[in-house]
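[1] Here is a sequence together with a model predicted from it:
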Amino acid sequence: MEKVYSAARIRPEEHRDVLAELWRENLAGGEVPQELVERRMRWFQEQNPAGPARTWMGYHGPEREVIGSGSFIPRDVHVSGRMLKAGVLGDFAVTRAHRIAGAAMSIQREIAKGCRDAGVDFLYGFPNKASFPIFQRAGYRKISDSTTWVRPLTAAYKIHELAALSAGEQQDVVSAVTQRVAERAASAVPHARWRALWGSADPGAPPAPLARALSTAAERAVQRATVRPDSALVRAAGRALDASMALRDTAALLAKRVKGGRVRTEITESADHRFDALWSRAKPSPIAGERSAAFLNWRYARLGAVHYRFFCMLDRHDGRLLGYAVYTVRNNKVEVVDLFCEDHGPTADLLLLELCQAMRREGHASVGILLVSPPSFGARLRALGFFARPHPPGVGSRWLVVHVDPSSPDELRRALLDPNSWFMTDGELDV
């Protein structure tokens, strides 16, 4: 069968049933109720405060058999002091029988060609390793890798993961973890006498008492044939790790509170006028999506397919919203999908530490956040105890890609193609 493909922009409201079925079968695995399909189609096509989605249908042969579709969702984006209209790529689906490069290329090439006529200044998306060549051939430029940052809150879930490794792998992991905990606890504890319990400034000195005890307990557990999560030694090692992390976090948070002023926190289910006030006075990165209350509620509070919550940090004196993190919880792990503050310096540090403390109190295992951000923000996250985690093997890398029309001004092209200009969270990169 000859594979001849084409694509054309359509009116989504005239093809709602076809688009809904493409989404259900190709993006949602077919296992979603019809009511959710219908609600999501209204959310996707009609309710975005930045405007309705623009959609292209893919066809095969002269009979114009429908074989897929692709869309972009309008997004108001702050670019070097100007508010521009962007399109976020989404709902890209191709039926199984036509999942070859030609079918996908025909759709993405037409979207790229038609973006200016469809009312946006540029497009951006977030493909995985397998689909990246399609976007590259369609004229998109790779801007930056995304990074998943994780901060453990307890040791229990890692100990269960450790139990599945071989004895040699377990030894390597335990040695690395105990060394990291000892080093970071020593750096965070403010008092010199307490710090001496964890380590010494002299690299040749023997391990300090608490670091030595922690290492010995963990290594003895590993020396057994297997590490059993329910063994007394493993439970003791877990308690020691948990205590060290809690001590470190408390010390770090107290230090940040002294510098950042008195704050209070609250958790809400939706955004209100305080979020608009924060956006109006904040100084976002050179490239950052608008964070109006209307957008935040559309993106995180309205659909209800995933339960998102807003962790808010406020000035204790006047009640101003200083920053917030939008998050959900999966498998007892906190996933931050959006983050915004008055600044990406001390205020962001304090917000993340307050979030981690609150999530530890709720009994969650870790806090994670996927970002495209300048290296300087990654350095701040490392200083706060986050570490970069590889993407799952089945995903490989996930990259921010951008398409800028060749007729766009050079100044805009330079800004959009500069990887150090972007600050994008998971919630902005993928819908």
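    Sure thing, it's come through. All values reported here derive from a predicted model rather than from experimental measurement. Residues are numbered from 1 along each chain as shown.
[2] Run through the strands of the stretch 201-350 of the chain in chain order.
    Counting by DSSP state E, counting those that start in this stretch, the stretch 201-350 of the chain has these strands, from start to end: 263-268, 287-289, 309-315, 321-330, 333-341.
[3] what domains does the record give for this structure?
    The chain resolves into domains spanning 5-144, 154-255, 262-398+421-429 when parsed by automatic domain parsing.
[4] ends of the longest one, how far apart?
    The reference is to domain 262-398+421-429. 33 Å (Cα to Cα, to the nearest Å).
[5] picking that back up, between the strands of the stretch 201-350 of the chain, which one is closest to Glu13.
    Nearest to Glu13 among those is strand 287-289; the distance by Cβ to Cβ comes to 25.7 Å. Bear in mind the C-beta positions are built from the backbone N, C-alpha and C, glycine included.
[6] Name the surrounding residues that touch the closest one.
    Residues lying outside strand 287-289 but in contact with it, judged by Cβ atoms under 8 Å, 6 or more residues apart in numbering, are 75-80, 86, 295, 340, 415-416, 421-424, 428.
[7] ok, back up a step: nearest to Asp410, of the domains of the chain?
    Relative to Asp410, the nearest member of the domains of the chain by Cβ to Cβ is domain 5-144, separated by 12.7 Å.
[8] first vs last residue of that closest one, how far apart are they?
    End-to-end distance of domain 5-144: 31 Å, with Cα to Cα as the criterion.
[9] Now that domain: average pLDDT?
    Domain 5-144 carries an average pLDDT of 89.
[10] Off-centre distance for it?
    Going by Cα atoms, centre = their mean, to the nearest Å, the spacing between the C-alpha centre of domain 5-144 and its chain's C-alpha centre is 21 Å.
[11] cool, stretch 305-319 as well?
    The mean C-alpha position of stretch 305-319 is separated from the chain mean by 18 Å, Cα atoms, centre = their mean.
[12] Could you list the buried residues of the helix or strand that contains Arg42?
    Arg42 belongs to helix 34-46 when assigned by DSSP states H and E. By neighbour count, with 16 or more other Cβ atoms under 10 Å as the criterion, the buried positions of helix 34-46 are Val37, Arg39, Arg40, Met41, Trp43, Phe44, Gln45.
[13] cool, and stretch 374-392?
    Under the neighbour-count criterion of 16+ other Cβ under 10 Å, stretch 374-392 has Pro374, Phe377, Arg380, Leu381, Leu384, Gly385, Phe386, His391 buried.
[14] residue contacts, the second one?
    The neighbourhood of Phe377, defined by Cβ under 8 Å, 6+ apart, consists of His344, Ala348, Leu371, Phe423.
[15] Flag whichever of the residues you listed scores worst on pLDDT.
    Within the contacts of Phe377, the minimum per-residue pLDDT falls on His344 (86).
[16] hang on, it packs against Gly323?
    No: in terms of Cβ atoms under 8 Å, His344 does not count as a neighbour of Gly323; the distance is 9.6 Å.
[17] Could you report the pLDDT at Asp172?
    According to the model's per-residue confidence, Asp172 sits at a pLDDT of 65.
[18] Equivalent analysis for Ser366, please.
    Each residue has a pLDDT score; the one for Ser366 is 92.
[19] ok, what's across the strand from it?
    The residues listed as beta-bridge partners of Ser366 by DSSP bridges are Pro152, Lys333.
[20] separation between it and Arg330?
    For Ser366, the distance to Arg330 equals 11 Å [Cβ to Cβ, to the nearest Å].
[21] what do you get for Arg82?
    Summarising the geometry, the distance separating Arg82 from Arg330, computed by Cβ to Cβ, is 37 Å.
[22] and if you look at Arg320?
    In terms of Cβ to Cβ, Arg320 sits 31 Å off from Arg330.
[23] Next SSE downstream of the helix holding Arg42?
    Helices and strands here follow DSSP H and E; after helix 34-46, the next one along the chain is strand 54-60.
[24] Can you list the helices and strands that the very next helix or strand once past that following strand packs against?
    Later in the chain than strand 54-60, the nearest helix or strand by DSSP H and E is strand 65-79. Contacting strand 65-79 under the criterion 3 or more Cβ pairs under 8 Å, 6 or more residues apart in numbering; DSSP states H and E are the following elements: helix 16-26, strand 54-60, strand 82-94, helix 101-114, strand 287-289, helix 410-416.
[25] Now render these as JSON lines, adding distance to Lys142 and mean neighbour count.
    Supplementary listing: the helices and strands packed on strand 65-79 in JSON lines, determined by distance: least, Cβ to Cβ, whole Å; neighbours: other Cβ atoms under 10 Å:
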{"stretch": "helix 16-26", "distance to Lys142": "25", "mean neighbour count": "17"}
{"stretch": "strand 54-60", "distance to Lys142": "22", "mean neighbour count": "23"}
{"stretch": "strand 82-94", "distance to Lys142": "14", "mean neighbour count": "20"}
{"stretch": "helix 101-114", "distance to Lys142": "14", "mean neighbour count": "20"}
{"stretch": "strand 287-289", "distance to Lys142": "15", "mean neighbour count": "23"}
{"stretch": "helix 410-416", "distance to Lys142": "12", "mean neighbour count": "15"}
